[in-house]
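Asks: Provide a 3D model corresponding to the input given below.
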Amino acid sequence: MLIKVGYMKANELFDVIIIGGSYAGLSAAMSLGRSLKKTLVIDSGKPCNAQTPQSHNFLTQDGKPPQEIAALGKQQVEQYDTVKFFNDIAVKAIKTDTGFLVSTRAGTTFQAKKLILASGIKDMLPDIPGFSNAWGISVIHCPYCHGYEYRDQLTGIYANGDRALHLASLVGNLTNELTILTNGPAEFTQEQSDLLARRHIPVLESPILAIEQQNGHLQQLILKDGTHLPMKALYAAVPFVQHTDIPLSLGCEMTTSGHLQVDSFQKTTIPGVWACGDNSSPMRAVSNAVATGALAGAMVNMELTQESFNRTDS
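Replies: Modelled structure (predicted):
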């Protein structure tokens, strides 16, 4: 017996299920909705950038709160009758002969011919007092998303080795007040150390004990050696994991950086599965999530349409 779930039915068959309803998922849903594909978006409503006050480097949306962009996006997608939303967390997906079976934490199950993973990633923040309070506000990850607002400010880079050098080249374009904090022994080659010295970028190896901040805005860093370092912005290269283990359970291959491997059309290594947004791209920006989501939705629609058009029993 089918069980009513809001305006949907358990075990209802969709053309596409999108796991994740933030910017990438919404963008994919719009492409599919406009192509009359029966689409279900499963999302818990907890985006990774919930603490970020403003989104930048996104044409027509520059400076707007991310939640405002997402809310407007969902409102616009809801205008398409073939797109439905289910507020829950997808916990399992199984490949079947006809597509995929997706189960949620509440125990509801849905079926779809195709699957789009827009589930994002989860940052593994260090256990440093004040770090999580400032994450996304003044402890940041992307010069393109936040760098302009902290131009010419006292700025730190919380990273080591090649990653720190990469960030230094980008952030050094925005401020001359730059310090690298390796949180332990520096891992630079002699050539890299010489380059940093020529650029007058100090490298501090003493670990960060605490971050003093007010409402997410940095005041100073307290280091293990007793140094109190005034700071306005800290770029942090923190490790991450996939937000869900569904891609691994399906057998999707990963890149060496920990992202889902996709081709130029956002298709994963598993037939019938696409991925978009932060889970499959190192370019963590709302604009990129929207772009990859739109592409994934269009490519899924194309495959569904071609399969239907070429059916011999029609």
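
Asks: make it CA atoms for all contacts and neighbour counts henceforth
Replies: Noted.

Asks: Surely I17 is within a helix?
Replies: No: residue assignment for I17, taken from DSSP: H, G, I helix; E, B strand; the rest coil, gives strand, which places it outside any helix.

Asks: Begin at 626 from now on, thanks
Replies: In the new count, where the first residue is 626, that last one comes out as I642.

Asks: which residues does it contact?
Replies: T664, L665, V666, I667, Q736, A737, K739, L740, I741 (C-alpha atoms under 8 Å, 6 or more residues apart in numbering).

Asks: Determine which two of those are furthest apart.
Replies: For the contacts of I642, the farthest-apart pair by C-alpha to C-alpha is I667 and K739; their separation is 13.8 Å.

Asks: mind exporting whichever strand or helix holds Y860 as CSV, just the C-alpha atoms?
Replies: In this structure, Y860 sits in strand 858-861 according to DSSP states H and E. Coordinates of each C-alpha in strand 858-861 appear next as CSV, following Å, rounded to 0.1, in the frame of the first residue of the first chain:
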residue,chain,number,x,y,z
ALA,A,858,41.2,37.8,8.1
LEU,A,859,42.5,34.2,8.1
TYR,A,860,42.4,32.0,5.0
ALA,A,861,42.2,28.4,6.2
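
Asks: Show me what whichever helix or strand comes after it is in contact with.
Replies: Along the chain past strand 858-861, the next helix or strand (assigned with DSSP H and E) turns out to be strand 865-867. Outside of strand 865-867, the residues within contact range by C-alpha under 8 Å, 6+ apart are S744, G745, I746, K747, D748, M749, G883, H884, N904.

Asks: Which residue, neighbours along the chain excluded, lies closest to the fifth one?
Replies: Read that as D748. When the adjacent residues along the chain are set aside, D748 lies closest to F865, with 4.4 Å between them (C-alpha to C-alpha, 6 or more residues apart in numbering).

Asks: neighbours around the one you found, how many?
Replies: 15 (other C-alpha atoms under 10 Å).

Asks: how far away is it from S933?
Replies: 39 Å (C-alpha to C-alpha, to the nearest Å).

Asks: Next up, identify which helix or strand E928 is on.
Replies: Here E928 sits within helix 911-934, counting by DSSP H and E.

Asks: For that helix, which residues meet the burial criterion?
Replies: Neighbour counts using 16 or more other C-alpha atoms under 10 Å place 911-926, 929 of helix 911-934 among the buried residues.

Asks: for that helix, packing partners?
Replies: Counting contacts by 3 or more C-alpha pairs under 8 Å, 6 or more residues apart in numbering; DSSP states H and E, helix 911-934 is packed against helix 648-658, strand 898-900.

Asks: May I see the ones you listed arranged in TSV, with mean pLDDT as well?
Replies: What follows is the helices and strands packed on helix 911-934, written out as TSV (pLDDT from 0 to 100):
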stretch	mean pLDDT
helix 648-658	98
strand 898-900	98
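
Asks: how about those in CSV, adding mean neighbour count?
Replies: As requested, the helices and strands packed on helix 911-934 are exported to CSV (neighbours: other C-alpha atoms under 10 Å):
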stretch, mean neighbour count
helix 648-658, 29
strand 898-900, 30
